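1. one predicted model, sequence on top.
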Amino acid sequence: MAFHSRPDDDSARRLYNPYQNIHPEYLFQEESLAQRRSWGENLTYYTGIGYLAGSSAGAARGFVSGVKSIELTDTTKLKINRILNGSGHTGRQFGNRCGVIGLMYAALESGMVAFRDKDDIFNSIVAGLGTGALYKAAAGPRSAAVAGAIGGVIVGIAVAGKQALKRYVPV
């Protein structure tokens, strides 16, 4: 049986979507009702996003420091080497730091959701406070308090921005 379509036929103009009849499967019915990622997905997401963002910012900063360290007598190979070493070293440092911050944030946020049995903005803000405080805890109580406040404010701004985008930007 051959299928022939005419150019003016609607089915010939529709694009093929391989995912049109695929629906996600869940082991338990409760999982399908949840509007939130699981703790494992959150952990992976925030750690990965943190590492990617930190590595990118660190590589950019390392590139600038590598360019600044070039001397007039350097050969082309030495110039490239200075830039690559600066980018790689600083990118790894920043990426690891931001990845750890993302890991701590995801763990604290998921812990707050499990502890309170609620999913609201307070979980995110408390997780930001806790992440900042834990990250700088070794530097002393004053540094931990300041970092916790900064983490809470940053998360508060991010949550408020996300809510504003959902409300005012049509999707």
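-> Perfect, thanks for sending it.

2. next structured bit after the lengthiest helix in the chain?
-> Looking only at the chain and at elements set by DSSP state H, the helix with the highest residue count is helix 76-116. Next helix or strand after helix 76-116 toward the C-terminus (DSSP states H and E): helix 121-135.

3. so which bits of that following helix are buried?
-> When burial is assessed from 16 or more other C-beta atoms under 10 Å, helix 121-135 yields the following buried residues: 123-135. From N, CA and C alone the C-beta is placed, and that goes for glycine too.

4. ok, now stretch 94-108?
-> Using 16+ other C-beta under 10 Å as the burial criterion, the residues of stretch 94-108 that qualify are 94-95, 98-108.

5. and stretch 146-164, by the same measure?
-> Within stretch 146-164, the residues that qualify as buried are 147-148, 151-152, 155, 159, counting by 16+ other C-beta under 10 Å.

6. repeat for stretch 51-59
-> 51, 54-55, 58-59.

7. of all the buried residues of helix 121-135, which comes closest to Leu15?
-> Ser124 (37.9 Å; C-beta to C-beta).
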